[in-house]
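Q: sequence unknown, structure follows:
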Ligand SMILES: Nc1ncnc2c1ncn2[C@@H]1O[C@H](COP(=O)(O)OP(=O)(O)OP(=O)(O)O)[C@@H](O)[C@H]1O
Ligand SMILES: Cc1cn([C@H]2C[C@H](O)[C@@H](COP(=O)(O)O)O2)c(=O)[nH]c1=O
């Protein structure tokens, strides 16, 4: 039975890049690993509708923080059996975004803290009612908004399929999400957290299964 580790961070922080580096190092070290990214674009309709809403479709759907969080939560609920199976056959299951993304973005949208109503609602819904596995560890990529926003802009300029969505275009929201993530890490929401980047992030994750 393996462990689930969630990689969290801002849009453009470099989560996908770090996950790739951890995968490469895990292979060298004989650690069995699977990775999964949320939202599950192209696999679950809930994820695709959420993305479409953040690109201006589906009327006023994206205006509701709770409606958006519910779509992201239902996307993970559909993946729950696959997550448990991946945990059973690997040392490490690495999630590029997990439940804490919902907690951080929802809290930031609603101007609430880590002890606010929406963070409790996300935890109760996803870990309680939906029975999603708790992460053994949550790693927040220590990349602040001014850097993450630049990286997301560079990516959008280089790749027409990565145009910025409503969350990525909102610099104030990104700053509040950063604060929300730091708060979740400070209170060690749901499981142990660390904040790291680059080689430190890679080594911290691999040390959990060494
Ligand atoms: N350490 C780094 N230094 C400079 N650029 C980086 C670094 N890590 C990632 N990038 C670049 O920043 C951009 C965003 O990286 P990436 O796609 O890994 O971020 P992400 O956190 O997965 O983003 P999102 O959540 O928005 O999908 C990419 O163009 C990537 O090449
Ligand atoms: C999984 C998840 C994501 N979000 C937010 C975070 C991003 O701004 C968008 C889309 O995610 P991507 O990594 O940029 O593709 O959705 C969220 O609010 N809640 C979640 O659970």
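A: Sure, I can see it. These figures come from a predicted structure and were not determined experimentally. Ligands and ions are numbered 1, 2, ... in the order given.
Q: what's the helix or strand for residue 24?
A: helix 15-28 (DSSP states H and E).
Q: equivalent analysis for residue 199, please.
A: helix 198-207.
Q: who does that helix touch, helix- and strand-wise?
A: Here helix 198-207 touches strand 3-8, helix 15-28, strand 137-141, going by 3 or more CB pairs under 8 Å, 6 or more residues apart in numbering; DSSP states H and E. Backbone N, C-alpha and C define where each C-beta goes, glycine included.
Q: so who does the residue nearest to residue 50 when sequence neighbours are not counted touch?
A: Residue nearest to residue 50 in three dimensions, not counting chain neighbours: residue 71, with 4.2 Å by CB to CB, 6 or more residues apart in numbering. Residues near residue 71 by CB atoms under 8 Å, 6 or more residues apart in numbering: 46, 47, 49, 50, 53.
Q: kindly report the same for residue 21.
A: Counted by CB under 8 Å, 6+ apart, residue 21 has contacts residue 202.
Q: can you tell me how far it is from residue 123?
A: 29 Å (CB to CB, to the nearest Å).
Q: what of residue 175?
A: 23 Å.
Q: for the chain, which residues are neighbours of ligand 1?
A: By CB under 6 Å from any ligand atom, the part of the chain that sits against ligand 1 consists of 9, 11, 12, 13, 14, 15, 16, 17, 151, 152, 154, 155.
Q: any buried residues in the helix holding residue 199, and which?
A: For helix 198-207, the buried set under the neighbour-count rule, 16 or more other CB atoms under 10 Å, comprises 201, 202, 204, 205, 206.
Q: what do you get for stretch 139-151?
A: For stretch 139-151, using 16+ other CB under 10 Å, the buried residues are 139, 140, 141, 142, 143, 145, 148, 149, 151.
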